[in-house]
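Colleague: Sequence plus predicted model, see below.
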Amino acid sequence: MPDVSARPTTATGPTDPTRLAGYTTLRLGGAPARLVVAEQTDEIVQSVREAEALGQRIMVLAGGSNVVVADEGFPGTVVLVRSRGIRVLAETDDAVSIRVAAGEPWDDLVAATVEAGWSGVECLSGIPGSAGATPIQNVGAYGQEVAETVTGVEVYDRVAGEVLRMTAEECRFGYRSSVFRHSDRWTVLSVDFRLARSPLSAPVRYAELARALRVEVGDRVPLADARAAVRGLRGGKGMVLDPADPDTRSVGSFFTNPVLDASAYEALRERAADLGEPPSWPGPGGVVKVSAAWLIDKAGFAKGYRGAGGVAISSKHTLALTNADGGSTAALLALAREIRDGVHDRFGATLHPEPVLVNCAL
């Protein structure tokens, strides 16, 4: 298994292959103590076991689209997951079950399912990163979540020292979370999905998407139309990777939408009375999910707001913090803290980061 074999590149040419900046969508992050590339499932397991035997800390990295890595890098082994493959496990007239290697690029997988006439993940088009990362944070967008289609996740369990397959129930999916979210116990090796065999999308749930498609919420549309509309919406927000667009040097949404109990939501409404009704969505048990983008904007942090040191809020989307002009992780986190504290001071709500913070903290 080679050390440091994949060569990262950016829009301006090759980058230092020893720095993790070249392997993340933010283009930030220092060097690890050791970097290995795993192109097969058994190599992933072997790499993790070898690092454990050496007593090293371990970071598993694939698409690098949901991580913020410290400028100081990572004091351990980074395993770059580059496994590939989509395999049909079972088919019926109505559904298909597939197994996807952890390193398979997510949007390539979505494109393949749309072309094959398999419905269920089309509204997750354009999301950067790998298939193996999607169950970790229960990736979701435009009314869909992977939890709706994931039936199992193959993992290497570092505690048990064995490879096993976890059911969807064992994954304990929640809003942008799972049992994997804040634990390094499990390394994802492959993911199983069950998709409907249909030329039409799942019912459109998201009002913005319905407007873009010129249909009503609840309608179904051709899969290719749904994918094109989602990619168009994401592209307009700088959330489809484009080397020529500095707004896409981000981790997508940096903060999750706050989920408040009834009393906290009423307190927020009172503090926001002069601004109108905060965009919100009711949840189970009386909780309310509030738009983080709205809170950020109304707290005085508009699109394009620049922090010190070459970082900024995207000019296209309030939730995205970008490495706009040769920034650093320290500068990005300083901007995130400024926004978090400003929102709390204005509305009493606390924003939490969506990406994984590696060797750094907010």
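Modeller: Arrived safely, thanks for sending.
Colleague: Now do the same for residue 49: helix, strand or coil?
Modeller: Three-state call for residue 49 (DSSP: H, G, I helix; E, B strand; the rest coil): helix.
Colleague: how close does it sit to residue 289?
Modeller: 40 Å (C-beta to C-beta, to the nearest Å). Every C-beta, even on glycine, is put in place using the N, C-alpha and C of the backbone.
Colleague: The two: which is more packed in?
Modeller: With neighbours defined as other C-beta atoms under 10 Å, residue 49 and residue 289 compare such that residue 289 has more, 17 against 14.
Colleague: just checking, the more buried one is part of a strand?
Modeller: Yes - according to three-state DSSP, residue 289 belongs to a strand.
Colleague: Which strand residues bridge it?
Modeller: Residue 289 has these beta-bridge partners by DSSP bridges: residue 259, residue 281.
Colleague: what kind of secondary structure is the residue lying farthest from the centre of the chain in?
Modeller: Taking C-alpha atoms, centre = their mean, the residue of the chain most remote from its mean C-alpha position is residue 274, at 33.7 Å. Judged by three-state DSSP, the three-state class of residue 274 is helix.
Colleague: Looking at it now. What's its pLDDT?
Modeller: pLDDT for residue 274: 95.
Colleague: residue contacts, the closest residue to residue 164 other than its chain neighbours?
Modeller: Once flanking residues are discounted, residue 164 sits nearest to residue 157: 5.7 Å by C-beta to C-beta, 6 or more residues apart in numbering. Residue 157 makes contacts with 163, 164, 185, 186, as judged by C-beta atoms under 8 Å, 6 or more residues apart in numbering.
Colleague: quick one, phi/psi of residue 157?
Modeller: Per-residue torsions, residue 157: phi -90, psi 110 (degrees, to the nearest 10).
Colleague: that older thread, which ones among the contacts of residue 157 lie within strands?
Modeller: 163, 164, 186 (DSSP state E).
Colleague: So how do I select the buried members of these in PyMOL?
Modeller: Selecting only the buried entries of the ones in strands among the contacts of residue 157 in PyMOL, with 16 or more other C-beta atoms under 10 Å as the criterion:
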select buried, resi 163+186
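Colleague: Just put the ones in strands among the contacts of residue 157 in JSON lines and tack on distance to residue 233 and pLDDT.
Modeller: JSON lines is the format used below for the ones in strands among the contacts of residue 157 (distance: C-beta to C-beta, whole Å; pLDDT from 0 to 100):
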{"residue": "163", "distance to residue 233": "38", "pLDDT": "98"}
{"residue": "164", "distance to residue 233": "38", "pLDDT": "97"}
{"residue": "186", "distance to residue 233": "33", "pLDDT": "96"}
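Colleague: between the ones in strands among the contacts of residue 157, which is nearest residue 221?
Modeller: Nearest to residue 221 among the ones in strands among the contacts of residue 157: residue 186, at 36.3 Å, using C-beta to C-beta.
Colleague: Verify the stated contact: that closest one with residue 156.
Modeller: Yes - the pair residue 186 / residue 156 is scored as a contact, 7.0 Å apart, by C-beta atoms under 8 Å.
Colleague: what sits against the nearest residue to residue 193 once chain neighbours are set aside?
Modeller: Spatially, and ignoring its direct neighbours in sequence, residue 193 is nearest to residue 149 (4.7 Å; C-beta to C-beta, 6+ apart). Counting by C-beta under 8 Å, 6+ apart, residue 149 makes contact with 120, 121, 193, 194, 195.
Colleague: again with residue 361
Modeller: residue 333.
Colleague: Strands of the stretch 1-150 of the chain, start to end?
Modeller: For the stretch 1-150 of the chain, applying DSSP state E, counting those that start in this stretch gives strands covering 9-10, 13-14, 32-38, 57-61, 67-69, 74-81, 86-91, 95-101, 118-119, 140-141, 144-145, 150-157.
Colleague: Put together TSV for the ones you listed, with mean pLDDT and distance to residue 267 on each row.
Modeller: Formatted as TSV, the strands of the stretch 1-150 of the chain follow (pLDDT from 0 to 100; distance: least, C-beta to C-beta, whole Å):
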stretch	mean pLDDT	distance to residue 267
strand 9-10	36	45
strand 13-14	38	51
strand 32-38	96	44
strand 57-61	96	39
strand 67-69	96	30
strand 74-81	96	40
strand 86-91	97	48
strand 95-101	98	43
strand 118-119	98	41
strand 140-141	93	27
strand 144-145	96	28
strand 150-157	98	36
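Colleague: Nearest to residue 300, out of these?
Modeller: Distance to residue 300, taken as C-beta to C-beta, is lowest for strand 67-69 among those, at 23.2 Å.
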